[in-house]
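Undergrad: predicted model and sequence follow; I will ask about them next.
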Amino acid sequence: MLTGPESFTLVPSVGSCTCDVWEVDLDGTPEQFVRHEYSRRRLTWLAGSTDARIETVHADGEHTVTGLGDPTIGVAVPPGTWYRLIGHGRIWLRAETELLELPWSSEDRLGSDIATAALAESGPSRPVQDSDGYLPGPALHALARMEAQAVALTTHENRG
């Protein structure tokens, strides 16, 4: 979750990035791959099981598996790249997120660009494009503040 009362936000390392801590329970190799259509992720292992890996699918369909049990290793996951976390045990990851600079509207929600698919259904990932631009920090922060206010209002109205 990028914003709201359930957020575990860390200080961003770049101006156009938000950073969260993900707590993940790994139980082998999941059936599903995940991708984020409009955002780039950089995942870095912080603590927990050293039996943690990330499998990514490239635009040519090739798969790469990278070990995550070292805080000096960060894995970039470009927009539209299929990936899954594999291994055993509980891990904590630093998850930095940058949003593509697109015509965002008030109906778009942060984190709503997620898709899942089984290996047979996933296909190759989206190729990295030189034209990819990312939202400047102030624009992303304004979008996050607006979403947090909307979530707070909705939560308040549902309780009242």
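TA: Structure's in. What do you need? Just so it is clear, the model here is predicted, and its values are computed rather than measured.
Undergrad: tell me the bridge partners for the closest residue to D20 other than its chain neighbours.
TA: Excluding the flanking residues, the one nearest D20 by C-beta to C-beta, 6 or more residues apart in numbering is A95, at 5.0 Å. Every C-beta, even on glycine, is put in place using the N, C-alpha and C of the backbone. When assigned by DSSP bridges, A95 has beta-bridge partners D20, L43.
Undergrad: isn't A95 right up against R41?
TA: Yes - using C-beta atoms under 8 Å, A95 makes contact with R41 at a distance of 6.1 Å.
Undergrad: what's the weakest-modelled helix or strand in this structure?
TA: Ranked by mean pLDDT, DSSP states H and E, the weakest helix or strand in the chain is strand 9-10, scoring a mean of 48.
Undergrad: and the residue positioned nearest the centre of the chain, which of the three is it?
TA: Nearest residue to the geometric centre of the chain (C-alpha atoms, centre = their mean): R41, 4.8 Å. For R41, the assignment made with DSSP: H, G, I helix; E, B strand; the rest coil gives strand.
Undergrad: ok, and the closest non-adjacent residue to it?
TA: Of all residues not flanking R41 in the chain, V77 sits nearest, at 4.1 Å (C-beta to C-beta, 6+ apart).
Undergrad: any idea how many residues pack against that neighbour?
TA: 21 (other C-beta atoms under 10 Å).
Undergrad: R35 too?
TA: Neighbour tally, R35, other C-beta under 10 Å: 24.
Undergrad: start the count at 34, not 1, going forward
TA: Understood, numbering begins at 34; the last thing we discussed is R68.
Undergrad: tell me how far it lies from I147.
TA: 7 Å (C-beta to C-beta, to the nearest Å).
Undergrad: kindly report the same for G170.
TA: 22 Å.
Undergrad: more neighbours: which of the two?
TA: Set G170 next to I147 and count neighbours by other C-beta under 10 Å: G170 wins out with 15 against 11.
Undergrad: just the pLDDT for the more buried one.
TA: As predicted, G170 sits at a pLDDT of 72.
Undergrad: give me phi/psi at it?
TA: The phi/psi pair for G170 (degrees, to the nearest 10) reads phi -50, psi -50.
Undergrad: show me the shaky parts of the chain.
TA: Applying pLDDT under 70 to the chain picks out residues 34-50, 136-144, 188-193.
Undergrad: how about the helices in it?
TA: Using DSSP state H, the helices found in the chain span residues 152-155, 170-192.
Undergrad: adding distance to L118, write the ones you listed out as TSV.
TA: Below are the helices of the chain laid out as TSV (distance: least, C-beta to C-beta, whole Å):
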stretch	distance to L118
helix 152-155	14
helix 170-192	24
